[in-house]
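1. sequence unknown, structure follows:
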């Protein structure tokens, strides 16, 4: 049982030492963050968009 835990810990250390895999996580994180930012941007400007007031129709 101890060997399985040892191999699992070794795999975690090898993962973080490989710059390609860490870079892949960074790229995926930036993509997800950008996507969420665009959704937030769209929602905020959807709620706070200027209302359509037509003065000539009110008179």
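-> Sure thing, it's come through. Since the model is a prediction, treat every value here as computed from it, not as a measurement.
2. if you skip the residues just before and after it, what's nearest to residue 22?
-> Spatial nearest neighbour of residue 22, chain neighbours left out: residue 16 (6.4 Å); criterion: C-beta to C-beta, 6 or more residues apart in numbering. (Each C-beta comes from the backbone N, C-alpha and C, glycine too.)
3. Now do the same for the one you found: helix, strand or coil?
-> Per DSSP: H, G, I helix; E, B strand; the rest coil, the local secondary structure of residue 16 is helix.
4. ok, how many other residues are close to it?
-> By the criterion of other C-beta atoms under 10 Å, residue 16 has 10 neighbours.
5. That one is in contact with residue 25, isn't it?
-> No - using C-beta atoms under 8 Å, residue 16 makes no contact with residue 25, being 9.6 Å away.
6. In the protein, spot the helix with the most residues.
-> Assignment by DSSP state H gives helix 19-47 as the longest helix of the chain.
7. Can you list the helices and strands that that helix packs against?
-> Helix 19-47 is packed against no helix or strand, with contacts defined by 3 or more C-beta pairs under 8 Å, 6 or more residues apart in numbering; DSSP states H and E.
8. In the protein, where is pLDDT below threshold?
-> Applying pLDDT under 70 to the chain flags residues 1-12, 50-59.
9. Please repeat the previous calculation with a cut-off of 80.
-> For the chain, residues meeting the criterion pLDDT under 80 lie at 1-16, 47-59.
10. how far away is residue 39 from residue 45?
-> 11 Å (C-beta to C-beta, to the nearest Å).
11. And for residue 17?
-> Residue 17 is 43 Å from residue 45, by C-beta to C-beta.
12. Equivalent analysis for residue 35, please.
-> For residue 35 relative to residue 45 (C-beta to C-beta), the value is 16 Å.
13. do the same with residue 24
-> The gap separating residue 24 from residue 45 is 32 Å, by C-beta to C-beta.
14. Just give the number of residues close to residue 29.
-> Close neighbours of residue 29, defined as other C-beta under 10 Å, add up to 10.
15. Ok, residue 33 next?
-> 10.
16. cool, residue 40 as well?
-> Neighbours around residue 40, by other C-beta under 10 Å: 10.
17. Same question for residue 15.
-> Neighbour number of residue 15 under other C-beta under 10 Å is 11.
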